[in-house]
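**Student:** model this:
(one chain, ligands or ions: 1)
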Amino acid sequence: MNNFFTANLAEVDPTIAEAIDDEVRRQSNGLELIASENFVSEAVLQAMGSVFTNKYAEGYPKKRYYGGCEFADVAEQLAIDRAKEIFGAEHANVQPHSGAQANMSVFLASLQHGDKILGMNLSHGGHLTHGHPMNFSGINYEVSDYGVNKESEQIDYDKLQRKAEEAKPKMIVCGASAYPRTIDFQRIGEIARSVSAIVMADIAHIAGMVAVGLHPSPVPHCEFVTTTTHKTLRGPRGGLILCREEFAKPVDKAIFPGVQGGPLVHIIAAKAVAFGEALQADFKTYQQQILDNAQALADELKAQGMRLVSNGTDNHLILIDVFENGKGITGKEAEKALDAVHITVNKNTIPFDTNSPFVASGVRIGTPALSTRGMKEAEMREIGRMIASIIREPNSEAVQTKVKREVTELTEKFPMYPTRYKEAKTEAISAS
Ligand SMILES: *Cc1c(COP(=O)(O)O)cnc(C)c1O
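**Tutor:** This next block holds a predicted model:
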């Protein structure tokens, strides 16, 4: 036990230490294009790896069920104040362990079992927690759904109005995981008020852009706003709820003791750090670069003959229809072929998909992570050419070899986590 407080992970548990080193190299040596992922700062990582993980702090700042919470209070109060400042919200709860738990808590705070909700169809870009039959939302509430127009592949707001009038939901849920276009929160707020419904806007994907005014904010139009903190917002893995003062008590009670026990104080401290970063002027520059990069990548993919859902993007993500009604390859095949050359994406259903979610007709790609690494439009165009060449010829060894080399050349120019990066002892991942 003597070296319990001093021994390094590499001595205590070499297997896990090696898995972490391998993961640092995997993230560094590949092109991360999963739209929901990002790279946090070294400062955020340090806060997450702090002794706050030891602390029980059930309750809220100054109202805890445990002693010794004075420094946990500092961290949580700062996270709350910064979240309110970023989004112009009256109340913030920074304790949700994840985006799903943020949503669950808002439902618990505002709905009764069996109430009606109207959410966006999962295959049109919605999220599991917006009413999927296997999720708590679909199990506990009566769900109807809305989606995109078949031609434009954009949200059909007139139809949403009609669906709201028919279904008379208690709550409309908006926000998406795979929707490449701007969401009209004002219009959705008007639709909700016309049928006396409340609105929850889940901005998990677009929170970073909302934070800096590069996507319209739902805060003035929606009773509840939820988000993850780890996507475009670039903080630790976690959730956040924003609401008006009138809902502060029910929301806080829904998180604790409603659906969670003790808060993750180390994660809350890291949220405070990330929110502090989001308040700096260069965070807006970063968000603008995410958008510029997505435009450049979308333009190049189109120039390479790829069909994009809705024919483009307004935000950080792009949905490529790789299946093209059977003329191309499946999303599953595309994901695997790209993975083999260290380009990481995820298969995704597209609106009116004829393939199952496990196969899917599309791949979803996003620019937040590579923008954090410092890549710009020129790199995006290069990556667009790489992606298109792999999707066109997924089985060509010559193409694979060429793209793998290009990926290595590109990633070497944009190093990350220099203090955590250790050269592999055996063959480098990039040479595998
Ligand atoms: C990612 C996401 C979530 C869930 O976040 P987790 O932290 O994985 O639970 C919820 N809603 C939307 C729209 C998302 O994109």
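**Student:** and the longest helix anywhere in the chain, how far out from the chain middle?
**Tutor:** As assigned by DSSP state H, the longest helix anywhere in the chain is helix 281-303. Remark: helix 281-303 is offset 17 Å from the chain centroid, using Cα atoms, centre = their mean, to the nearest Å.
**Student:** mind giving me the packing neighbours of it?
**Tutor:** Using 3 or more Cβ pairs under 8 Å, 6 or more residues apart in numbering; DSSP states H and E, the elements in contact with helix 281-303 are helix 207-211, strand 307-308, strand 317-321, helix 368-372, helix 377-392. In short, each C-beta sits where N, CA and C put it, glycine included.
**Student:** try it again at 7 Å.
**Tutor:** Applying 3 or more Cβ pairs under 7 Å, 6 or more residues apart in numbering; DSSP states H and E, we find helix 281-303 packed against strand 307-308, strand 317-321, helix 368-372, helix 377-392.
**Student:** put together TSV for those, with mean pLDDT and distance to the ligand on each row.
**Tutor:** Compiled in TSV, these are given as follows (pLDDT from 0 to 100; distance: least, Cβ to the nearest ligand atom, whole Å):
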stretch	mean pLDDT	distance to the ligand
strand 307-308	98	19
strand 317-321	98	10
helix 368-372	98	12
helix 377-392	98	22
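**Student:** in TSV: those, plus mean neighbour count.
**Tutor:** Shown next, in TSV, are the helices and strands packed on helix 281-303 (neighbours: other Cβ atoms under 10 Å):
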stretch	mean neighbour count
strand 307-308	19
strand 317-321	27
helix 368-372	26
helix 377-392	20
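**Student:** adding distance to Ile241, write the ones you listed out as JSON lines.
**Tutor:** Below are these laid out as JSON lines (distance: least, Cβ to Cβ, whole Å):
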{"stretch": "strand 307-308", "distance to Ile241": "33"}
{"stretch": "strand 317-321", "distance to Ile241": "23"}
{"stretch": "helix 368-372", "distance to Ile241": "22"}
{"stretch": "helix 377-392", "distance to Ile241": "34"}
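**Student:** got the buried residues for the longest helix of the chain?
**Tutor:** Residues of helix 281-303 classed as buried: 283-284, 286-287, 289-291, 293-302 (neighbour count, 16 or more other Cβ atoms under 10 Å).
**Student:** stretch 189-198 now?
**Tutor:** Judged by neighbour count (16+ other Cβ under 10 Å), stretch 189-198 contains these buried residues: Gly189, Ile191, Ala192, Val195, Ala197, Ile198.
**Student:** returning to what we had before: out of the helices and strands packed on helix 281-303, nearest to Arg237?
**Tutor:** Closest to Arg237 of the helices and strands packed on helix 281-303 is helix 368-372 (Cβ to Cβ; 14.0 Å).
**Student:** in terms of secondary structure, what does the closest one contact?
**Tutor:** On a contact count with 3+ Cβ pairs under 7 Å, 6+ apart, helix 368-372 meets strand 31-32, helix 281-303.
**Student:** so the last one versus strand 317-321, what angle?
**Tutor:** Angular relation of helix 281-303 and strand 317-321 on a 0 to 180 degree scale: 10 degrees, by axes from the mean of the first three to the mean of the last three Cα atoms, to 10 degrees.
**Student:** and helix 281-303, what's its mean pLDDT?
**Tutor:** Across helix 281-303, pLDDT averages out at 98.
**Student:** still on that earlier bit, okay if I get the helices and strands packed on helix 368-372 as CSV plus distance to the ligand?
**Tutor:** Listed next are these as CSV, based on distance: least, Cβ to the nearest ligand atom, whole Å:
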stretch, distance to the ligand
strand 31-32, 16
helix 281-303, 15
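**Student:** Glu324: which of these is closest?
**Tutor:** Proximity to Glu324 (Cβ to Cβ) singles out helix 281-303 among the helices and strands packed on helix 368-372, at 13.1 Å.
**Student:** next, the angle helix 377-392 makes with that closest one.
**Tutor:** Using the same axes, to 10 degrees: helix 281-303 against helix 377-392 is 40 degrees.
**Student:** contacts for helix 281-303?
**Tutor:** 208-209, 212, 214, 232, 277, 308, 312-313, 315-318, 320, 367-368, 370-371, 375-377, 380-381, 383-385, 387-388 (Cβ atoms under 7 Å, 6 or more residues apart in numbering).
**Student:** and of the helices and strands packed on helix 368-372, who's closest to Gly119?
**Tutor:** Short answer: helix 281-303, nearest of the helices and strands packed on helix 368-372 by Cβ to Cβ, at 25.2 Å.
**Student:** mind saving the C-alpha coords of the closest one as CSV?
**Tutor:** Taking Å, rounded to 0.1, in the frame of the first residue of the first chain, the C-alpha atoms of helix 281-303 are listed here in CSV:
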residue,chain,number,x,y,z
ALA,A,281,-13.3,35.0,-28.3
ASP,A,282,-11.4,32.2,-30.1
PHE,A,283,-14.2,29.7,-29.5
LYS,A,284,-16.3,31.6,-32.0
THR,A,285,-13.5,31.4,-34.5
TYR,A,286,-13.4,27.7,-33.9
GLN,A,287,-17.1,27.3,-34.4
GLN,A,288,-16.9,29.3,-37.7
GLN,A,289,-14.1,27.0,-38.8
ILE,A,290,-16.2,23.9,-38.2
LEU,A,291,-18.9,25.4,-40.5
ASP,A,292,-16.4,26.5,-43.1
ASN,A,293,-14.8,23.1,-43.1
ALA,A,294,-18.2,21.4,-43.4
GLN,A,295,-19.0,23.6,-46.5
ALA,A,296,-15.6,22.8,-48.1
LEU,A,297,-16.0,19.1,-47.4
ALA,A,298,-19.6,19.0,-48.7
ASP,A,299,-18.6,20.9,-51.9
GLU,A,300,-15.7,18.5,-52.6
LEU,A,301,-17.9,15.4,-52.0
LYS,A,302,-20.5,16.8,-54.4
ALA,A,303,-17.8,17.6,-56.9
